[in-house]
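Visitor: predicted model and sequence below, questions to follow.
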There are 2 protein chains.
Amino acid sequence: MLSGNQIKYINSLKLGKFRNIHQAFIAESPKLVNDLLDSTFIVRMIFATKQWLEINNEDPRLNKIDLFEISEKELKKISLLKTPNQVLAVTGIPVYKFNINILQKNLILVLDDIRDPGNMGTIIRTANWFGIRHIVCSRESVDVYNPKVIQSTMGSIARVRIYYKDLAVFLQEVPDEIKVYGTVLHGRNIYKEKLAKHGIIIIGNESRGISKELLPYITGHLSIPSWESKAESLNASVAAAIVISEFRRI
Amino acid sequence: MLSGNQIKYINSLKLGKFRNIHQAFIAESPKLVNDLLDSTFIVRMIFATKQWLEINNEDPRLNKIDLFEISEKELKKISLLKTPNQVLAVTGIPVYKFNINILQKNLILVLDDIRDPGNMGTIIRTANWFGIRHIVCSRESVDVYNPKVIQSTMGSIARVRIYYKDLAVFLQEVPDEIKVYGTVLHGRNIYKEKLAKHGIIIIGNESRGISKELLPYITGHLSIPSWESKAESLNASVAAAIVISEFRRI
């Protein structure tokens, strides 16, 4: 059974304001909920159909979680999916502290105002595929706990740590020996560069690229050569994927 | 001025059925309309605000096109954009014949049931960036003249030839010496393969990958290695981009 208050609460989490107040977000589908249960995230409540509960009945990971059996019809009332899919979880938003030493041994992403939820989710999914575990977002980036982002990460959100920071302040604190890469107009052909194993890749905003105030921090100016003079740009998540793939190819 | 019939006609083109009947599609924004005017596409009508018409007043490319000045308010009635942007064009759907000799000198894409309009648009945009001029789509793929696809190509639709075909029949006709690549489970590490300059890259569907009936035609089995055992997959347009980038890197 689903109470009116529960419906109200869940629907409120579709808005950033209430995610902030409750420090919680929603995630749907068996795959996504399973990935969250497998992670360090704290799942607070699960609303699921009989079908899902029967299969996951004896899962010890569910021991301390509030479980609610709901009908397909009730799931429709709280789901944002076109085809609601068995289960919806309310999960706490994790708070991570970025330790600057991470940079010595990791390749990380810095996202400079990624605005489109689909792009954000896809970048997190790509990062996870290539073993990138830390993503620092500007405060103007879309909220990664927005349900559209969460769904399009396909579960990768559970395996990547996301930080929101003032990027200029953050980049100022980066030790000199850490390489900071970014794709810019007239950058060097990425296919010909010797790329560092660890360091920072800045991904620019969908329409204006990397912001002016961050350009001085870039020490590795890259570009993806185009074969077609009239093609103006690549989609932000595609550009990110090509760059990450170049860093990770062996 | 915009007549009721014009509004009806334009809105009808948002549906595949009517695009088929009229063999026409709609495209919006100065950038997209400019790219179409620059191409071999035949723009039939342009609906534009005073602002756009004043700037483009003397453009000889507009000579034989029906121009209609409309108000911002009228543009809102026919636009699909959140923020309507000055101009909407009705353009004829081009019909191309695929000459099998194209394969001797080109790298082409074969899209096996790409369903998401955003992915389709992004793949066309990426293909154009890397100089791929021919894309063969399965008949079950999303219609590239769907307005969402058109807008997300960012104008690249004007520079890439799209064909719809029964893919099994098409692949059967491919000469033996042409390499047919596809990403599959347990394929060979794409970063270590010597890739042909010309040939075919098959991109699989978002959820099930390349369909069973096409697998026998693949002669180059590739895979993008993952750094994270729990990451299940890459977004289809991201996987396509990484593969295309590998073929084009020099």
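Guide: Noted; the coordinates are in hand.
Visitor: A:F130: what's it in contact with?
Guide: Residues in contact with A:F130 (CB atoms under 8 Å, 6 or more residues apart in numbering or on different chains) are A:I244, A:S245, A:F247, A:R248, B:S226, B:W227, B:E228. Just so you know, the C-beta spots here come from the backbone N, C-alpha and C atoms, and that holds for glycine as well.
Visitor: scratch that, A:H22 is what I was asking about
Guide: Going by CB under 8 Å, 6+ apart, A:H22 touches A:Y9, A:S12, A:L13.
Visitor: ok, the last one - how many residues close by?
Guide: In other words, A:L13. Residues lying near A:L13 (other CB atoms under 10 Å in any protein chain shown) number 19.
Visitor: just the pLDDT for A:E232.
Guide: The pLDDT attached to A:E232 in the predicted structure is 77.
Visitor: before we move on, back to that, how about TSV for the contacts of A:H22, with distance to chain B, secondary structure and pLDDT added?
Guide: Shown next, in TSV, are the contacts of A:H22 (distance: CB to the nearest CB, whole Å; DSSP: H, G, I helix; E, B strand; the rest coil; pLDDT from 0 to 100):
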residue	distance to chain B	secondary structure	pLDDT
A:Y9	29	helix	97
A:S12	24	helix	97
A:L13	24	coil	97
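Visitor: for chain A, which segments count as strands?
Guide: Applying DSSP state E to chain A gives strands spanning A:24-28, A:43-48, A:66-69, A:87-92, A:107-111, A:134-138, A:161-165, A:180-189, A:199-203, A:220-223.
Visitor: those strands: which one's closest to chain B?
Guide: strand A:180-189 (8.3 Å; CB to the nearest CB).
Visitor: how much space separates A:R139 from chain B?
Guide: 23 Å (CB to the nearest CB, to the nearest Å).
Visitor: could you do A:G204 as well?
Guide: From A:G204 to chain B the distance is 16 Å (CB to the nearest CB).
Visitor: can you give me the buried ones in stretch A:5-20?
Guide: A:Q6, A:Y9, A:I10, A:L13, A:F18, A:R19 (16 or more other CB atoms under 10 Å in any protein chain shown).
Visitor: lowest-confidence one in the contacts of A:F130?
Guide: Among the contacts of A:F130, B:E228 has the weakest pLDDT, 90.
Visitor: what about that one, neighbour count?
Guide: B:E228: 16 neighbours (other CB under 10 Å).
Visitor: pretty sure it is touching A:A127, no?
Guide: No: the pair B:E228 / A:A127 is not scored as a contact, 9.3 Å apart, by CB atoms under 8 Å.
Visitor: domain parsing for chain A?
Guide: Domain segmentation of chain A under automatic domain parsing yields A:4-92, A:102-248.
Visitor: minimum distance to B:P117: which of those domains has it?
Guide: domain A:102-248 (11.2 Å; CB to CB).
Visitor: quick one: distance of the closest one to the chain centre.
Guide: 12 Å (CA atoms, centre = their mean, to the nearest Å).
Visitor: what's opposite A:I26 in the beta bridge?
Guide: Under DSSP bridges, the beta-bridge partners of A:I26 are A:V90.
Visitor: tell me the contacts of the residue positioned nearest the centre of chain A?
Guide: Nearest residue to the geometric centre of chain A (CA atoms, centre = their mean): A:I124, 4.0 Å. By CB under 8 Å, 6+ apart, the contact set of A:I124 is A:I135, A:V144, A:V149, A:T153, A:S156, A:I157, A:V160, A:I162.
Visitor: which residue, other than its chain neighbours, is closest to it?
Guide: A:T153 (4.6 Å; CB to CB, 6 or more residues apart in numbering or on different chains).
Visitor: next, count neighbours for the one you found.
Guide: 25.
Visitor: who in chain A is up against chain B?
Guide: Proximity of chain A to chain B is confined to A:31, A:35, A:38, A:118, A:122, A:125-126, A:128-131, A:152, A:154-156, A:159, A:191, A:224, A:226-228, A:230-235, A:237-238, A:241-242, A:245-246, A:248-250 under the rule CB under 8 Å from any CB of the partner chain.
Visitor: filter those residues to the buried ones?
Guide: A:35, A:118, A:122, A:125-126, A:128-131, A:152, A:154-156, A:159, A:191, A:224, A:226, A:228, A:231, A:234-235, A:237-238, A:241-242, A:245-246, A:248-249.
Visitor: out of those residues, which are inside helices?
Guide: Among these, the members found in helices (DSSP state H) are A:35, A:118, A:122, A:125-126, A:128-129, A:152, A:237-238, A:241-242, A:245-246, A:248.
Visitor: closest one of the residues you listed to B:P60?
Guide: A:V238 (34.9 Å).
Visitor: list the contacts of the closest one.
Guide: B:T122, B:R125, B:T126, B:S237, B:V238, B:A241.
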